[in-house]
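[1] build me a model from this:
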Amino acid sequence: MSSHSSDQSSENHSGVLKSNFICVLSILLFAMGFPAAEYLLDDWDVVSVITARNVFSFILIFLIWISIEGVQKVKSAQWLKGTLIGAAGFGIGAFLILYLQSLTSPVIAALAVATMPVFAVSIEMLLDGRKMTVWFFCGVILVLCGGYIASGASLNQSNIGFAILIGFLGVALFAWGSRATVKSLPGMTNLGQVSVTSLGMALLSIVLYFICTVFMDLTNSVSSITLKHLGLILIYAWLGLGISQILWIKAVSQLGIGIASFHLNAVPFYVMLMLFLLGDQWVWHQAIGALVVITGVIIAQQKSAKHKVKFFELP
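    This is a model prediction of the structure:
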């Protein structure tokens, strides 16, 4: 009996480690999109970049899905509900975060994203009946502090105001969308869930592009599309969003949106690491912030690992 309990505990622990590794890999790929986007924005406007990213990402995810699970799974999918979740959660959420960045700065946007655990945990407590524990609370505090340190952001600016509230709404919608993708599309695999929600994100971006181009004149005509542009958009769309989103939803389904969201606070460090490998300087505050985030993630899961992961397993 003792041997059986020990084996089960070891298996649970291994499962938690595997799920966290999937989440880390997802965030690493997500971070790869930032340098690619930076180069694209030198020649393209923001709306064009996001639209191209979302459309190319959906095409890749859809092709992977239909090749693995077949046409019947695609036909029987919950397309309408998934499209609405993707449009509201990921589409509008990402747009609002980007709008915050346009009104303030990238570091303020990163600081807003660093509040993801607050919204994610609140959603789990309200909708899933999660209970706050001392270990989990300490983990949340460390993750928030680490995200703040890593972003290098400062609240001593006069143009935050209403803009940061818009960013918070975007982060909350993204957290809701991640949970809804897993919880509100039963009977579908994670790959299918990502596919139908990605369609919603792509369709919304196309609509926004049309509105911004025809009625608001906020987009610039793309004069030339070179192989460099194509390569960058594929890195941004296929790695930074497509494959990353598949792994992200997989991690959320196993860890819950609360724990999975913790890993997002290490994004500034991952971006800095990639830029460092490309020749930029090493930024110590981002490395220290990432270390604090990792510590918070470990601490938040300690109690769950000792008690068969009851708090973090999705019902």
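[2] the stretch 201-315 of the chain: helices as residue ranges?
    227-234, 244-255, 257-262, 267-277, 284-306 (DSSP state H, counting those that start in this stretch).
[3] wait, the stretch 51-200 of the chain
    79-85, 93-103, 106-113, 116-127, 134-151, 161-183, 190-214.
[4] okay, the helices of the stretch 201-315 of the chain, which one's buried deepest?
    helix 257-262 (a mean of 30; mean count of other Cβ atoms under 10 Å). (C-beta placed from N, C-alpha, C; glycine too.)
[5] quick one: list the elements packing against that helix.
    helix 2-40, helix 116-127, helix 134-151, helix 161-183, helix 244-255, helix 284-306 (3 or more Cβ pairs under 8 Å, 6 or more residues apart in numbering; DSSP states H and E).
[6] lowest average confidence, helix or strand, in this structure?
    helix 106-113 (a mean of 69; mean pLDDT, DSSP states H and E).
[7] residue 139: neighbour count?
    26 (other Cβ atoms under 10 Å).
[8] got the contact list for it?
    By Cβ atoms under 8 Å, 6 or more residues apart in numbering, the contact list for residue 139 reads 262, 296-301.
[9] again, but for residue 185
    Contacts of residue 185 by Cβ under 8 Å, 6+ apart are 78, 81-82, 85, 192-193, 196-197.
[10] quick check: it vs residue 25, distance?
    For residue 185, the distance to residue 25 (Cβ to Cβ, to the nearest Å) stands at 23 Å.
[11] can you check residue 147 too?
    Counting by Cβ to Cβ - residue 147 and residue 25 are separated by 19 Å.
[12] give me the pLDDT for residue 272.
    We have a pLDDT of 81 for residue 272.
[13] dihedrals phi and psi, residue 130?
    phi -70, psi 150 (degrees, to the nearest 10).
[14] now for it, how many residues are close by?
    Around residue 130 there are 17 residues (other Cβ under 10 Å).
[15] over to residue 68?
    For residue 68, using other Cβ under 10 Å, the count is 11.
[16] as JSON lines, the contacts of residue 139 with distance to residue 137 would be great.
    Output for these, formatted as JSON lines (distance: Cβ to Cβ, whole Å):
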{"residue": "262", "distance to residue 137": "13"}
{"residue": "296", "distance to residue 137": "10"}
{"residue": "297", "distance to residue 137": "14"}
{"residue": "298", "distance to residue 137": "14"}
{"residue": "299", "distance to residue 137": "10"}
{"residue": "300", "distance to residue 137": "8"}
{"residue": "301", "distance to residue 137": "13"}
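[17] returning to what we had before: mean neighbour count, the helices and strands packed on helix 257-262: which tops it?
    helix 244-255 (a mean of 24).
[18] which of the contacts of residue 139 lies closest to residue 246?
    Nearest to residue 246 among the contacts of residue 139 is residue 262, at 19.4 Å by Cβ to Cβ.
[19] doesn't residue 115 make contact with that closest one?
    No: look at residue 262 against residue 115 with Cβ atoms under 8 Å: they stay out of range, at 11.7 Å.
[20] so what sits against both of those two?
    Contacts common to residue 262 and residue 115, judged by Cβ under 8 Å, 6+ apart, are absent.
[21] look up how far residue 195 lies from residue 294.
    31 Å.
[22] one more: residue 209?
    21 Å.
[23] look at residue 51 and report its pLDDT.
    The predicted local confidence for residue 51 is 91.
[24] please apply the same query to residue 233.
    At residue 233, pLDDT is 92.
[25] spatially nearest residue to it (excluding sequence neighbours)?
    residue 52 (5.1 Å; Cβ to Cβ, 6 or more residues apart in numbering).
[26] which residues sit in contact with the residue nearest to residue 73 when sequence neighbours are not counted?
    Among residues not flanking residue 73 along the chain, residue 192 sits closest, at 6.2 Å (Cβ to Cβ, 6+ apart). By Cβ under 8 Å, 6+ apart, residue 192 lies in contact with 65, 69, 73-74, 77, 185.
[27] how far away is residue 192 from residue 180?
    14 Å.
[28] repeat that for residue 246.
    As for residue 246, its distance to residue 180 is 17 Å (criterion: Cβ to Cβ).
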